[in-house]
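# next come a sequence and a model predicted from it.
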Amino acid sequence: MNNNAKVPVGVLGASGYVGQELLRLLARHPGTAVAFATADTAAGEWVEGHQLLQADDAPLERAAIVLSALPHGVSARYVNEARAAGKRAVDLSADFRLSAEAVYGLTEFSRPRLAQAELVANPGCYPTAALIALIPLAQRGLIDPSREVVIDAASGVTGAGRHPQRELLFGEVAEDYRAYAVGNTHRHLPELRAALERESGFAGDLVFTPHLLPVKRGILETIHVPLTGALDQGAAEGIYEAAYRGEPCVQVVRGALPSLKDVVYRNRVALGVAPVEHVRRPRLTVIAAIDNLVKGAAGQAVQNLNVMLGLPETLGLVC
């Protein structure tokens, strides 16, 4: 494919960790060319060979599709401007994830709706891993709705963004491990609940507790699932293998459990399971690992962009 045949893509918010990851992926993507990239305080700086512009100066006419990695609460304005200019868009903020005007872009389950979508809401990083882990069980009626699903999730510090914060300094994070948004108050919970119910009909309680890991990137989620009936290891793994057979960006780990090293810099969700012993009612522990900047954000956005443009789904990605 020559450069003239490449699809021009605009990137809003290219100075943050997710925006930089978008530019890194697009720079190596054989089917796209970056038409412009924007920032706020970093305007004028160069990232991946592109000088960053102010968002208000973005030449929208140069792009066929716009990817927005702007902050929550800010992104919607610029995405709406791109849409008003006739551009398709993928929004990586939370601004459209609960909106009926956008297709929720969990690629493995939204694929039929993505091809014609004008606006895609890219899922959050924590919900991406949890939904891939829970939907196959929920669709089969295997989750007991009378008991809570408990999700203990840990993320690297890039998940908090690039804006300077004292509690994220190296001296504060190194050799430490802490929970936050305790009490089921994290902003991703409504998104997670809504998407799980939409894809499976499951509307039971979820208890979600995020933790901060002293690493740069990656998410590991330990999900305790109450079951309607006992599942042994082989049966549980078989459910996931059947659900994700042929899915290039989901890996079911047999006879072991995934870790961050299985997913960093990859557009992959890695899943592993373990039946829970010594309990009176059946439970299954599911471990889900992703790179928060790739499958949890920029990589999934590129995966969605590929489907929207009719390109091979994994083009420019390593799954």
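Sure, I can see it.
# residue ranges with poor pLDDT in the stretch 51-200 of the chain?
Counting by pLDDT under 70, the stretch 51-200 of the chain contains low-confidence residues at 159-174.
# strands of that one, start to end?
For the stretch 51-200 of the chain, the strands defined by DSSP state E, counting those that start in this stretch cover 53-54, 65-68, 88-91, 103-104, 119-121, 149-155, 178-179.
# please name whichever of those is nearest to Arg77.
Judged by Cβ to Cβ, the one of the strands of the stretch 51-200 of the chain that comes nearest to Arg77 is strand 65-68, at 9.9 Å. Bear in mind the C-beta positions are built from the backbone N, C-alpha and C, glycine included.
# note down every partner strand of that closest one and its orientation.
Each strand paired with strand 65-68, and its direction, by DSSP bridges: strand 7-12 (parallel), strand 88-91 (parallel).
# any idea which helix or strand comes after the first one?
Stepping forward along the backbone from strand 7-12, the first helix or strand reached (DSSP states H and E) is helix 17-27.
# touching that next one from outside, list them.
For helix 17-27, contacts defined as Cβ atoms under 8 Å, 6 or more residues apart in numbering pick out 9, 11-14, 32, 34, 37, 39, 47-50, 67, 69, 92, 158, 161-162, 293-294, 297-299, 301-302, 316-317.
# centre of the chain to that helix, how far?
14 Å (Cα atoms, centre = their mean, to the nearest Å).
# let me see the mean pLDDT of it.
Across helix 17-27, pLDDT averages out at 95.
# can you check what angle separates that helix from strand 7-12?
Angle of helix 17-27 versus strand 7-12, following axes from the mean of the first three to the mean of the last three Cα atoms, to 10 degrees, is 170 degrees.
# looking at the strands of the stretch 51-200 of the chain, spot the one closest to Leu257.
With distances scored as Cβ to Cβ, the stretch of these nearest to Leu257 is strand 149-155 (14.0 Å).
# check which helices and strands that closest one sits against.
Judged by 3 or more Cβ pairs under 8 Å, 6 or more residues apart in numbering; DSSP states H and E, the packing partners of strand 149-155 are helix 125-139, strand 206-212, strand 219-226.
# export the strands of the stretch 51-200 of the chain to CSV and tack on mean neighbour count and distance to Glu241?
Shown next, in CSV, are the strands of the stretch 51-200 of the chain (neighbours: other Cβ atoms under 10 Å; distance: least, Cβ to Cβ, whole Å):
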stretch, mean neighbour count, distance to Glu241
strand 53-54, 15, 46
strand 65-68, 28, 32
strand 88-91, 26, 29
strand 103-104, 22, 25
strand 119-121, 25, 28
strand 149-155, 22, 21
strand 178-179, 14, 32
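# any chance of a markdown table for these, columns distance to Arg254?
Below are the strands of the stretch 51-200 of the chain laid out as a markdown table (distance: least, Cβ to Cβ, whole Å):
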| stretch | distance to Arg254 |
| --- | --- |
| strand 53-54 | 48 |
| strand 65-68 | 35 |
| strand 88-91 | 33 |
| strand 103-104 | 30 |
| strand 119-121 | 32 |
| strand 149-155 | 23 |
| strand 178-179 | 31 |
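# quick check: Leu271 touching Gln251?
Yes - judged on Cβ atoms under 8 Å, Leu271 makes contact with Gln251 at a distance of 7.0 Å.
# domain map for the protein?
Domain ranges of the chain: 3-123+296-309, 125-292, per automatic domain parsing.
# tell me which of these sits most buried.
domain 3-123+296-309 (a mean of 20; mean count of other Cβ atoms under 10 Å).
# so which of the helices and strands packed on strand 149-155 is nearest Glu148?
Taking Cβ to Cβ, strand 206-212 is the member of those nearest to Glu148, at 4.9 Å.
# and that closest one, what does it pack against?
helix 125-139, strand 149-155, strand 178-179, helix 188-200.
# now do the shared contacts for Leu271 and Gln251.
Taking Cβ under 8 Å, 6+ apart as the criterion, Leu271 and Gln251 both touch Pro258.
# hang on, the earlier thing: pipe the strands paired with strand 65-68 into JSON lines and attach distance to Leu257 per row.
JSON lines is the format used below for these (distance: least, Cβ to Cβ, whole Å):
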{"stretch": "strand 7-12", "distance to Leu257": "35"}
{"stretch": "strand 88-91", "distance to Leu257": "32"}
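# Glu175 is nearest to which of these?
strand 7-12 (35.4 Å).
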